[in-house]
Each structure stands twice: as structure tokens, then as C-alpha cells.
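S.K.: I'll drop the sequence and a predicted model, then ask my questions.
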Amino acid sequence: MTTFSFEFFPAKTDEGVDKLCQTFDTLNNLAPTYFSVTYGAGGTTRNRTLDIVKRLHKRSDTPIAPHISCIGDSKDAIKSLLEEYRSMGISRLVALRGDLPSGQVDMGELPYALDLVQFIRHEFGDDFHIEVAAYPEMHPQAKSFAFDVQNLVAKFEAGANNAITQFFYNADSYLHLRDAVEKHGIDTTNHPIVAGIMPITNASSLIRFADSTGADIPRYVRKQLADFGDDRKAIRAFGFEVVQRLCERLMSEGVPAFHFYSMNKVSPSQQLVEALGLTSGAER
Ligand code: FAD
């Protein structure tokens, strides 16, 4: 059975937070494994991420997994935030390097996600289940594909439980990454690589985001999105078909789970969960 989770980013206003709580309630009815909440590298959303995590954690028994990044942050700051999460009963984290905010050059005491995973295991033992990032199409700053795979393997060997991928629209890139990791002796049954899924609802923001993260939008998708112009209904219908097919192919290849980049919206992820039959009897 393929499981699924949803990702939120912390809303900026009180009104946004209330809306996010409603979105949470609706998506929570689908019975996801957990929700994650992103974190601004260098601590830029530290309090907002913490506040949202507290609110959602109190709202239901579904686990909430805060993202935590290390670049530009001190060990003390990271440790005290994790102590606070642990005292609240949070037991799952998404551990990332993050990207330095523009203008900042100091990478801090823990420059890479591998350093963060080692630090968490050293300071907190097995108190947290740790997810890390993986890149089917290679991280844009990686020296090589092989180096990037080795980096993911090192994160697993340092104690990461699972990985969640950057979004992608080419199923073969995911399968290739999974095979490459297994060739390094990692059993992906014990260390699942969860497919990060970005629903397609808006052409310009998707293209901008894909370009900045190094994710490839296949030419046939990019061209048709351009052809649809401002016709948002047509973009959503086409985008849904593309992503549904991607997920179906991944399921037929044994993908363990999907992590939906919800963009704080209900419909795009909910429709996919339902169309893929992921809830089958689990809805509450
Ligand atoms: P790492 O695993 O450290 O890798 C970063 C790069 O450094 C890679 O190119 C790697 O090959 C290279 N590298 C690793 N070790 C070395 C070394 N010793 N020497 C040289 N190069 C090295 N960002 C946020 O700011 N907040 C979030 O909440 C957030 N959530 C995310 C969730 C997911 C599922 C994903 C996939 C990404 C998320 N990101 C987030 C983006 C992420 O922070 C960026 O992609 C960042 O650039 C890399 O983070 P990482 O954890 O993959 O870093």
C-alpha cells in the first residue's frame, strides 16, 4: 500500500494561519502518514515554523514533521529548537542543508545536511525519525551525479531513516536514483526514497521554481503549458493528467510513498490522492 504525506509552508499572517489550519483539517481527513512544515534557511522562519508546528500538533494525532536546516545556523540554535520540539512530543524531522539567504556567506558550524544528521544523532540519539532530501535529477550545485548519490548514501549511513525527493516529472530519473543508491548497498525497503510530487496548477510559477531547483520539466509539458496561456482550467486539467500518470507509473514500480508539495492548498493534492486510490478505506 502506497502511503502519503503533505508539505506546508508557514503562513505569514494570522488570517493565513487560520486558513492553513482549515486546509490541514480537510487534508487530515484523507489519513496521511504525517504533515511537514518548511523552514527558512538561516532561521528566517524559525518562529513561524515553530508556531505552525505547535498549532497543528495540538489539532490532531497525525504526526507533524518540522523541517530544519543547518546552513548559516549555530549548533546551539539548532539544539535548542530541537529540544523544544522534543519536549512538545515531536518525533519526526526533515533535516536539510537549506540555501543561504542572499548576501549571507557564512555557512555556519554545520555546512551540509550530512553534518546536521550526524549532529542530531549525536545529541538526540534515536529520539527523532529523520527524513533527508534526495535529487533524482541531481542537486544543482552537486559536483557530479555520482557525488550526489554518494552524499545521499552518506546521509543514510549517518542515521537518516528516509529520503524525500525534489519534485520531478520523469519517472525514470527516480528509478535510476533508487537503483544507484541500492548499488551502494543501501536497502531501500529499510530506507525508503519517497517521491516528492508537485501538482501542476500554474505554469509560470512552476517553471520559475523548476529552474531554481534544477528540476526538469519535460519539453512536451513545457510546450503545452505555454500553449494554454492564461487558461488556468486547461493548465490544471493537463497538469493533473501528467502528474496522475507519473504517480501511477511510480506505483507500478513499487514507490513506497508520495510526499505532496501541497503549496498550502487542498484541491490539487486531494484530487490526486483520491484519483490514485490512496485512501482506500483509510479516510476518517
Ligand atoms: P546537502 O545534502 O548538504 O547537499 C547540498 C549540496 O552539497 C549537494 O549538491 C551535495 O552534492 C553537495 N555536498 C554535500 N556534501 C558536500 C561536501 N562535503 N563538499 C561539497 N559539496 C557537498 N530548503 C529550505 O531552506 N527549507 C526547507 O524547508 C526545505 N525543504 C525541502 C524539502 C525537500 C523534500 C527537498 C528535496 C528540499 C528542501 N529544501 C528546503 C531545499 C534544500 O534545502 C536545498 O535543495 C539545498 O540546496 C540542499 O539541501 P540538502 O539537504 O539536499 O543539502
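M.R.: Nice, thanks for sending it over.
S.K.: From the ligand, how far out is residue 162?
M.R.: Distance of residue 162 to the ligand, computed by C-beta to the nearest ligand atom, to the nearest Å: 10 Å. For every residue, glycine as well, the C-beta is placed using N, CA and C.
S.K.: What residues does that residue make contact with?
M.R.: Neighbouring residues of residue 162 by C-beta atoms under 8 Å, 6 or more residues apart in numbering: 129, 130, 131, 132, 191, 192, 193, 194.
S.K.: Surely the second one is in a strand?
M.R.: Yes - for residue 130, which was evaluated using DSSP: H, G, I helix; E, B strand; the rest coil, the result is membership in a strand.
S.K.: what helix or strand does the closest residue to residue 89 other than its chain neighbours sit in?
M.R.: Leaving out its chain neighbours, the residue that sits closest to residue 89 by C-beta to C-beta, 6 or more residues apart in numbering is residue 57, at 7.0 Å. Residue 57 is part of helix 46-59 when elements are defined by DSSP states H and E.
S.K.: Could you report the neighbour count for residue 129?
M.R.: 15 (other C-beta atoms under 10 Å).
S.K.: For the protein, what lies in contact range of the ligand?
M.R.: Within reach of the ligand by C-beta under 6 Å from any ligand atom, the chain has these residues: 38-39, 41, 67, 69, 94, 96-99, 112-114, 133, 139, 141-142, 147-148, 151, 164, 166, 196.
S.K.: In helices, which of these fall?
M.R.: 113, 114, 147, 148, 151 (DSSP state H).
S.K.: In three-state terms, label residue 4 for me.
M.R.: In three-state terms, and counting by three-state DSSP, residue 4 is strand.
S.K.: Return the distance of it relative to residue 194.
M.R.: Residue 4 is 9 Å from residue 194, where distance means C-beta to C-beta, to the nearest Å.
S.K.: and what of residue 137?
M.R.: Counting by C-beta to C-beta, the gap from residue 137 to residue 194 is 16 Å.
S.K.: ok, which stretches of the stretch 1-150 of the chain are strands?
M.R.: 3-8, 35-37, 64-69, 92-96, 129-134 (DSSP state E, counting those that start in this stretch).
S.K.: Report the two of the contacts of residue 162 separated the most.
M.R.: 129 and 193 (15.1 Å; C-beta to C-beta).
S.K.: For residue 170, the count of nearby residues, please.
M.R.: Every residue meeting other C-beta under 10 Å relative to residue 170 is counted, giving 17.
S.K.: Please state the backbone phi and psi of it?
M.R.: Per-residue torsions, residue 170: phi -120, psi 100 (degrees, to the nearest 10).
S.K.: Let me know the pLDDT of it.
M.R.: Per-residue confidence (pLDDT) for residue 170: 97.
S.K.: Quick check: it touching residue 137?
M.R.: Yes - between residue 170 and residue 137 a contact is recorded at 7.5 Å, counting by C-beta atoms under 8 Å.
S.K.: any residues in contact with both of these two?
M.R.: residue 216.
S.K.: separation between residue 252 and the ligand?
M.R.: From residue 252 across to the ligand, the span is 23 Å (C-beta to the nearest ligand atom).
S.K.: try residue 47
M.R.: For residue 47, the distance to the ligand (C-beta to the nearest ligand atom) stands at 15 Å.
S.K.: Could I get the contacting residues of that residue?
M.R.: Residue 47 makes no contacts at all, as judged by C-beta under 8 Å, 6+ apart.
S.K.: where does the stretch 51-200 of the chain have low pLDDT?
M.R.: Scanning the stretch 51-200 of the chain for pLDDT under 70 picks out nothing.
S.K.: how about a cut-off of 80?
M.R.: Where the stretch 51-200 of the chain drops to pLDDT under 80, the residues are 101-105.
S.K.: Any figure for the gap between the residue in the chain sticking out farthest from the centre and residue 235?
M.R.: Centroid-distance maximum for the chain: residue 227 at 29.5 Å, with C-alpha atoms, centre = their mean. Noted for residue 227: a distance of 10 Å to residue 235, by C-beta to C-beta.
S.K.: Locate the residue lying closest to residue 200 once chain neighbours are set aside within the secondary structure: which element?
M.R.: The shortest distance from residue 200 to any non-neighbouring residue, by C-beta to C-beta, 6+ apart, is to residue 239 (2.6 Å). Applying DSSP H and E as the criterion places residue 239 in helix 232-252.
S.K.: All set now, cheers.
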